[in-house]
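Peer 1: Provide a 3D model corresponding to the input given below.
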Amino acid sequence: MMLEVVHETRYAYGARVDLAQHLAHLRPRTLPQQRVEAVELAIEPPPQHWTRGIDVFGNGRDGFALYAPHEALSVTARSRVALQAVASVDGRADAGAAWDEVAARCRYRAGAPFEAASEFVFESPFVPELAALRDYGAPSFAPGRSLPQAAHELMQRIRADFTYDGNATEVHTPLAQVFAARRGVCQDFAHLMIGVLRAQGVPARYVSGYLLTQPPPGRPRLVGADASHAWASAWCPPSGWIDFDPTNALLPGAGQTHVTLAWGRDYGDVMPLRGVIRGGGEHSLTVAVTVRSVD
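Peer 2: Residues are numbered from 1 along each chain as shown. Okay, here's the model as predicted:
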């Protein structure tokens, strides 16, 4: 399936901005199941300095600076991505290594081989270590149970126990508050699942991207009505990293609906757009995302 993604971000400032420096994670990754056909970034006003590189996690990253005064900033990313469904490891009891074996492999021992995935075991700014998350995950992680099966059940439990509510949280709402309220958005649910997995000693990372949604029957697809999406990924040897979408109880790699943009420890590593400005005063932010099939 070929998908086209248009991600538009616009800042309107209440006062003039004299200087601005920004970082953007808006280029989809090239993966075995995802081929990036084209990516185009349009920035207005045009930056005076613009660099493109790769961050520590292998994500595409653009850095740009504006030295001329401006009262608005518009960043539009247009991507065309070909997705291919791949065989996935589901919740079968015989699929993959036991979770406690994986946790033991990622525990530091002097002289033992280093597992690169172990860097995703530790707490991070958006995913602190919480005893409540360890207790919540315990029923899914019986000793010796396969990690894919445990993670699959955890994903389904989060989908059943938590309510999607776009007004319940903000970007910086603490994870403990999300857990207590049992409400949030995809970013919160991804952080929640990551926190539970890490509490068991399992490497887990945050994945940002997009989701192809379908309009209600008889309704047209609205341009700009979609949104960025996020899900979790667990290290499940021997298969490697397996993605789990707790917001929808889906396995992203098994379908052709999820476009992977970037991954990191949590949302802070892969914000679509962040920056530092001098001036600006109060500002308003408008984000519009459109994902459509172009087959």
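Peer 1: mind listing the strands in this structure by residue range?
Peer 2: 2-24, 34-44, 49-54, 60-66, 70-83, 163-164, 183-184, 204-211, 228-236, 240-244, 258-264, 273-279, 283-293 (DSSP state E).
Peer 1: Next, format the ones you listed as JSON lines and append mean pLDDT.
Peer 2: Shown next, in JSON lines, are these (pLDDT from 0 to 100):
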{"stretch": "strand 2-24", "mean pLDDT": "95"}
{"stretch": "strand 34-44", "mean pLDDT": "96"}
{"stretch": "strand 49-54", "mean pLDDT": "97"}
{"stretch": "strand 60-66", "mean pLDDT": "97"}
{"stretch": "strand 70-83", "mean pLDDT": "96"}
{"stretch": "strand 163-164", "mean pLDDT": "94"}
{"stretch": "strand 183-184", "mean pLDDT": "95"}
{"stretch": "strand 204-211", "mean pLDDT": "96"}
{"stretch": "strand 228-236", "mean pLDDT": "96"}
{"stretch": "strand 240-244", "mean pLDDT": "95"}
{"stretch": "strand 258-264", "mean pLDDT": "96"}
{"stretch": "strand 273-279", "mean pLDDT": "95"}
{"stretch": "strand 283-293", "mean pLDDT": "92"}
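Peer 1: V121: which of those strands is closest?
Peer 2: Closest to V121 of the strands of the chain is strand 204-211 (CB to CB; 8.0 Å). (Each C-beta comes from the backbone N, C-alpha and C, glycine too.)
Peer 1: picking that back up, any chance of the strands of the chain in a markdown table, with distance to R145 too?
Peer 2: Formatted as a markdown table, the strands of the chain follow (distance: least, CB to CB, whole Å):
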| stretch | distance to R145 |
| --- | --- |
| strand 2-24 | 35 |
| strand 34-44 | 30 |
| strand 49-54 | 36 |
| strand 60-66 | 36 |
| strand 70-83 | 31 |
| strand 163-164 | 27 |
| strand 183-184 | 27 |
| strand 204-211 | 16 |
| strand 228-236 | 12 |
| strand 240-244 | 15 |
| strand 258-264 | 25 |
| strand 273-279 | 39 |
| strand 283-293 | 35 |
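Peer 1: Of all the ones you listed, which one is nearest E123?
Peer 2: Nearest of those to E123, taken as CB to CB: strand 204-211 at 11.2 Å.
Peer 1: elements contacting that closest one?
Peer 2: strand 2-24, helix 186-199, strand 228-236, strand 258-264, strand 283-293 (3 or more CB pairs under 8 Å, 6 or more residues apart in numbering; DSSP states H and E).
Peer 1: Let me see the contact set for E8.
Peer 2: Applying CB atoms under 8 Å, 6 or more residues apart in numbering, one finds that E8 lies in contact with S74, V75, T76, G224, T286, V287, A288, V289.
Peer 1: Only the buried subset of those, as a PyMOL command please.
Peer 2: In PyMOL, this line selects whichever of the contacts of E8 come out buried by 16 or more other CB atoms under 10 Å:
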select buried, resi 75+76+288+289
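Peer 1: from the contacts of E8, which is closest to Q177?
Peer 2: V287 (23.1 Å).
Peer 1: residues of stretch 149-162 that come out buried?
Peer 2: For stretch 149-162, a neighbour-count test (16+ other CB under 10 Å) marks Q149, A150, A151, H152, E153, L154, M155, R157, I158, R159, F162 as buried.
Peer 1: which one of the residues you listed sits closest to V39?
Peer 2: Using CB to CB, those come closest to V39 at M155, 29.7 Å.
Peer 1: Please report the distance of that closest one from I242.
Peer 2: M155 sits 10 Å away from I242, going by CB to CB, to the nearest Å.
Peer 1: follow-up on the earlier one: for the strands of the chain, which one sits closest to R198?
Peer 2: Closest among the strands of the chain, using CB to CB: strand 204-211, at 5.5 Å.
Peer 1: could you check the angle strand 283-293 makes with that closest one?
Peer 2: Orientation check (axes from the mean of the first three to the mean of the last three CA atoms, to 10 degrees): strand 204-211 against strand 283-293 gives 70 degrees.
Peer 1: circling back: please produce TSV containing the helices and strands packed on strand 204-211, extended by distance to N248.
Peer 2: Shown next, in TSV, are these (distance: least, CB to CB, whole Å):
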stretch	distance to N248
strand 2-24	17
helix 186-199	8
strand 228-236	8
strand 258-264	9
strand 283-293	14
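Peer 1: re the thing from before, could I get the contacts of E8 as a markdown table with distance to G201?
Peer 2: A markdown table is the format used below for those (distance: CB to CB, whole Å):
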| residue | distance to G201 |
| --- | --- |
| S74 | 44 |
| V75 | 39 |
| T76 | 42 |
| G224 | 42 |
| T286 | 41 |
| V287 | 36 |
| A288 | 40 |
| V289 | 35 |
